[in-house]
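In: sequence first, predicted model second:
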Amino acid sequence: MDSLYLFNLILRKAREEDLEGIEKIEKSSFPKTSIWKKDLLSKKRSNFPDFFIIAEINKKIVGYIFGTPGEIESIAVAKKWRRKKIGTALLKKLITSFKKRGVKKITLHVRESNLSAISFYLKNNFKIVKKVENYYPGGESALLMETTLS
């Protein structure tokens, strides 16, 4: 049985009152590298509400994804809820929003050292386009990945 059916997952657009929970997941998922603070998250949500989605279970935020038209900027799922297809559900929901806006290609950057994220994107039809040297603060390289929408 698909693990999504074992709990009541709701995917919806983020609201202002969700930002504290989103920031908490961001900080715990990326403790040394988190750049998305509440004020920046608020601006992203205001500017691109259709592309800022949360996953909620029992009225608790368990994950999020956001971006700009054609670019994924961040995705994370709370540690307790990982490997239950919530990230995949979030990604598919954002892709649907992109398609509704006529987006034909999605790009993203991922840390070269983040093997689980790279694997996740490869499983979801993204391809590695190129390595971008010194992309992140501290000098770590990124992989530019993309997928084409039909």
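Out: Cool, the structure landed. Numbers count the residues shown, from 1 in each chain.
In: per-residue confidence at K92?
Out: On pLDDT, K92 comes in at 96.
In: how deep is the closest residue to L90 other than its chain neighbours tucked in, by neighbour count?
Out: Spatially, and ignoring its direct neighbours in sequence, L90 is nearest to I65 (4.2 Å; CB to CB, 6 or more residues apart in numbering). Glycine gets a C-beta too; all of them are placed from N, C-alpha and C. Using other CB atoms under 10 Å, I65 has 27 other residues around it.
In: tell me the first helix or strand C-terminal of the helix or strand where I65 lies.
Out: Secondary structure from DSSP states H and E places I65 in strand 60-68. Following strand 60-68 in sequence order, the next helix or strand is strand 71-77 (DSSP H and E).
In: gap between that following strand and the chain center?
Out: 2 Å (CA atoms, centre = their mean, to the nearest Å).
In: chain center to whatever helix or strand comes next after that strand, what's the gap?
Out: Beyond strand 71-77 in the direction of the C-terminus, DSSP H and E gives the next helix or strand as helix 86-100. Centre-to-centre, helix 86-100 and its host chain are 9 Å apart (CA atoms, centre = their mean).
In: in helix 86-100, what counts as buried?
Out: Buried residues in helix 86-100, counting neighbours by 16 or more other CB atoms under 10 Å, are found at I86, G87, A89, L90, L91, K93, L94, I95, S97, F98.
In: the inter-axis angle of the helix or strand that it is followed by versus strand 60-68?
Out: The helix or strand immediately downstream of helix 86-100 is strand 105-111, counting by DSSP H and E. Per axes from the mean of the first three to the mean of the last three CA atoms, to 10 degrees, the angle that strand 105-111 makes with strand 60-68 is 120 degrees.
In: buried residues, strand 105-111. List them.
Out: I106, L108, H109, V110, R111.
In: from N124, how far off is the residue nearest to E112 when sequence neighbours are not counted?
Out: Closest residue to E112 apart from its sequence neighbours, by CB to CB, 6+ apart: S141 at 4.6 Å. S141 is 22 Å from N124, where distance means CB to CB, to the nearest Å.
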